[in-house]
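>>> A predicted structure for the sequence below; I have some questions about it.
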Amino acid sequence: MSEAPPTETRVDLGVQPTNTRVLGIVPGKPVANERKEPEREDLVMVWPHLLVRHGVAAMAVLLLVMVIAVFFDAPLRDIADPTNTPNPEKAPWYFAALQELLSHFHPLIAGVLIPTAIIIGLVVLPYIDRSPWVTPRHRKVAVTAFTAFMVIWIILTIIGFAFRGPNWGWVWPWDEWHGEL
Amino acid sequence: MSARRAVHGHVDRIRSAVVTAGMDRRGSIAQRLRGTTVGRSIFRAPTRATPRDRAAGHWSSFLLHIYPVKMRRKEIAFRYSWYLGVISTVLLGSLIASGIYLMFFYVPSPESAYADIQNIQLEVTFGQYIRNVHRWSAHLMVLAVAAHMARVFYRGAYKAPREFNWVLGVGLLLLTLLMSFTGYLLPWDQLAFWAVTVGTEMAGYVPFIGETTQEMLLGGPVVGSATLLRFYVLHVAVLPVAIVSVLMFHLWRWRKDSMLDTDSGEPTSDDPVAGGPPAADEVVIEPELEEFHV
């Protein structure tokens, strides 16, 4: 058996004598091996970590707008004519749910009470829901109520936008298209 | 040549190797520019060597003043906010830029409005394209603001101390809808005319003040030249100023409220305690944050 090489690590410092050893360099953090995995709760600098992400999000949405604008022209119908009422008369799509409600309820309810109730409800929400919990399983009432409202509103919007034709009658959008953007 | 000097030389070599290995080679040019006389006059914290310097640089920057210096990693991830607030703001910027361009070629009177739109589409350089950008940005902004509100709700981000910022957000949603609705009339085509007729009829249903409100909006009993002028003034002057003002307040509150950072909740956590607020003695303000945040 040949002799085992010495186990201690020698660093060639390029200077004499060679019997110097680096035992440790302090202070400082380890350069490798002991790198800490970043955790979700760790604080990071907003620049660059958040601002780069925001920049990418901004460019992505601008690109989307530019691409849509290249391929789809904004609508322009005939010049306004107060004597010629189109059938159906349609409000902009974000009021389609209200218009759909108006066809079912008295105008005072659908046109006044419901929108007012929605606005007031949204404003007072954080003052009613005082629980500090943020996990969905601890705020079932709030999550259920909000989700129910949102689903109903989206369905009404889609019906009012795409499923209503002349005299606000039901049409299938693939038969007759009456939606306007 | 002592052994001690030798070790120091070794450390220096390691340090310079780390630096040239790309710790901040790009930054070194910026660093030098910030160090010049002009740079020093612009940047209040020209040195950016240590994390402390960078925090100071951020803290003293005008452009970055609406952002906190540091945030938790989870808060900057896409899935936390879907960046919907940023997206809404970018769309507002796109609308302001394209809207100003369109204003150069548009006169709000029933005699000229429709012809002006035709002129924009046919004659004006990039007119059709800019009009398209304005229109689609507007629709997307309504969607983005609504989605932002939903995301904030499911995040539970309207809870203390952010209640009032939620209220400001509701105001911004309403202003966005009003901006979109007033702009809808301006092309003065059949679509615009009747959509606004239907929309303003709703105001007439309000008891007692309904008819007065409707007449105030329309400037008469029906949609006409007074309506067009009123909607135009609201669309290009009153509402933009209102929305930008409320937005500044909204961002200011976001930035101030994010300092307190009481959100320790994990929506997907199985730990029942994780969703609740931290106990008072658990709130640790990092020394660096204390210095540059508060």
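Noted; the coordinates are in hand.
>>> Strands of chain A, residue ranges please.
Using DSSP state E, the strands found in chain A span residues A:43-45.
>>> just checking, what packs against the strand or helix carrying B:Leu143?
Under the criterion DSSP states H and E, the helix or strand holding B:Leu143 is helix B:127-155. Helix B:127-155 sits against helix A:46-71, helix A:140-162, helix B:78-81, helix B:84-103, helix B:113-122, helix B:163-185, with contacts defined as 3 or more Cβ pairs under 8 Å, 6 or more residues apart in numbering or on different chains; DSSP states H and E. All C-beta atoms are positioned from the backbone trio N, CA, C, and that covers glycine.
>>> ok, of the ones you listed, where does mean pLDDT dip lowest?
For the helices and strands packed on helix B:127-155, the stretch scoring lowest in mean pLDDT is helix B:78-81; its value is a mean of 90.
>>> Spatially nearest residue to A:Lys90 (excluding sequence neighbours)?
Leaving out its chain neighbours, the residue that sits closest to A:Lys90 by Cβ to Cβ, 6 or more residues apart in numbering or on different chains is A:Glu180, at 5.3 Å.
>>> How about the contacts made by the residue lying closest to A:Ala142 once chain neighbours are set aside?
Using Cβ to Cβ, 6+ apart and skipping the chain neighbours, the partner closest in space to A:Ala142 is A:Asp129 (5.1 Å). The contact partners of A:Asp129, taken as Cβ atoms under 8 Å, 6 or more residues apart in numbering or on different chains, are A:Arg139, A:Ala142, B:Tyr158, B:Lys159.
>>> Taking helix B:84-103 as reference, get the angle to the host helix or strand of B:Trp252.
Applying DSSP H and E as the criterion places B:Trp252 in helix B:239-260. Here helix B:239-260 points in a direction 160 degrees away from that of helix B:84-103 (axes from the mean of the first three to the mean of the last three Cα atoms, to 10 degrees).
>>> Mind listing residues that contact helix B:239-260?
Residues external to helix B:239-260 that are found in contact with it (Cβ under 8 Å, 6+ apart): B:66-68, B:71, B:75, B:85, B:89, B:92, B:96, B:99, B:161-162, B:164-165, B:168-169, B:171-172, B:175-176, B:178-179, B:182, B:289, B:293-294.
>>> Of the helices and strands packed on helix B:127-155, which is nearest B:Phe153?
Proximity of these to B:Phe153 was assessed by Cβ to Cβ; the nearest stretch is helix A:140-162, lying at 5.5 Å.
>>> Check which helices and strands that closest one sits against.
Against helix A:140-162 (3+ Cβ pairs under 8 Å, 6+ apart) you get helix A:96-102, helix B:127-155.
>>> pLDDT score assigned to A:Lys3?
For the record, residue A:3 is Glu, not Lys. Here, the pLDDT recorded for A:Glu3 equals 52.
>>> And the one 5 residues further on, by the same measure?
On pLDDT, A:Glu8 comes in at 53.
>>> What of the one 4 residues further on?
We have a pLDDT of 54 for A:Asp12.
>>> how close does B:Phe187 sit to B:Tyr106?
Careful, residue B:187 is Pro and not Phe. With the distance defined as Cβ to Cβ, to the nearest Å, B:Pro187 ends up 9 Å from B:Tyr106.
>>> These two: who's more crowded?
With neighbours defined as other Cβ atoms under 10 Å in any protein chain shown, B:Pro187 and B:Tyr106 compare such that B:Pro187 has more, 25 against 20.
>>> Give the helix, strand or coil label for that one.
coil (DSSP: H, G, I helix; E, B strand; the rest coil).
>>> Next, the contact list for the nearest residue to it once chain neighbours are set aside, please.
Nearest non-adjacent residue to B:Pro187, counting by Cβ to Cβ, 6+ apart: B:Ile117, 4.8 Å away. Under the criterion of Cβ under 8 Å, 6+ apart, the contact list for B:Ile117 reads A:Leu76, B:Tyr106, B:Arg131, B:Pro187, B:Trp188, B:Asp189.
>>> Relative to A:Gly121, which of those residues is nearest.
Proximity of the contacts of B:Ile117 to A:Gly121 (Cβ to Cβ) peaks at B:Pro187, which lies at 33.9 Å.
>>> rewinding a little: if I take the helix holding B:Trp252 and helix A:46-71, what angle do their directions form?
Following the same axes, to 10 degrees, one obtains 150 degrees for the angle between helix B:239-260 and helix A:46-71.
>>> Okay, angle between helix B:239-260 and helix B:163-185 too, please.
An angle of 160 degrees separates the directions of helix B:239-260 and helix B:163-185 when computed by the same axes, to 10 degrees.
>>> in helix B:239-260, what's buried?
Buried positions in helix B:239-260, judged by neighbour count with 16 or more other Cβ atoms under 10 Å in any protein chain shown: B:Leu239, B:Pro240, B:Ala242, B:Ile243, B:Val246, B:Leu247, B:His250, B:Leu251, B:Arg253, B:Trp254, B:Asp257, B:Ser258.
>>> Pull the number of nearby residues for A:Pro126.
So A:Pro126, with other Cβ under 10 Å, has 21 neighbours.
>>> now it: how far from B:Glu163?
Here the criterion is Cβ to Cβ. By it, A:Pro126 lies 4 Å from B:Glu163.
>>> same thing with B:Thr36?
Relative to B:Glu163, B:Thr36 is positioned 47 Å away (Cβ to Cβ).
>>> what do you get for A:Trp170?
Remark: distance between A:Trp170 and B:Glu163 (Cβ to Cβ) = 42 Å.
>>> Isn't B:Tyr106 up against B:Val124?
No: under the criterion of Cβ atoms under 8 Å, B:Tyr106 is not in contact with B:Val124, lying 10.0 Å apart.
>>> coming back round to it: restricting to C-alpha, output the helix holding B:Trp252 in CSV.
C-alpha atoms of helix B:239-260 as CSV (Å, rounded to 0.1, in the frame of the first residue of the first chain):
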residue,chain,number,x,y,z
LEU,B,239,-63.7,62.5,-15.5
PRO,B,240,-60.0,62.1,-16.5
VAL,B,241,-59.0,64.6,-13.8
ALA,B,242,-61.2,62.8,-11.3
ILE,B,243,-60.0,59.3,-12.2
VAL,B,244,-56.3,60.3,-12.1
SER,B,245,-56.8,62.1,-8.8
VAL,B,246,-58.5,59.2,-7.1
LEU,B,247,-56.0,56.8,-8.7
MET,B,248,-53.1,58.8,-7.1
PHE,B,249,-54.9,58.6,-3.7
HIS,B,250,-55.5,54.9,-4.3
LEU,B,251,-51.8,54.2,-5.1
TRP,B,252,-50.6,56.4,-2.2
ARG,B,253,-52.8,54.3,0.2
TRP,B,254,-51.6,51.1,-1.3
ARG,B,255,-48.0,52.1,-0.7
LYS,B,256,-48.7,53.4,2.8
ASP,B,257,-50.8,50.4,3.8
SER,B,258,-48.2,47.9,2.5
MET,B,259,-45.7,49.2,5.1
LEU,B,260,-47.8,47.7,7.9
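>>> for the record, mean pLDDT for that helix?
For helix B:239-260, mean pLDDT rounds to 91.
>>> tally of neighbours for the closest residue to B:Gln214 other than its chain neighbours?
The shortest distance from B:Gln214 to any non-neighbouring residue, by Cβ to Cβ, 6+ apart, is to B:Gly204 (4.2 Å). Using other Cβ under 10 Å, the number of residues around B:Gly204 comes to 17.
>>> that older thread, can you turn the buried part of the contacts of helix B:239-260 into a ChimeraX selection?
Selection of buried members from the contacts of helix B:239-260 for ChimeraX, criterion 16+ other Cβ under 10 Å:
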select /B:67,68,71,75,85,89,92,99,162,164,165,168,169,171,172,175,176,178,179,182,289,293
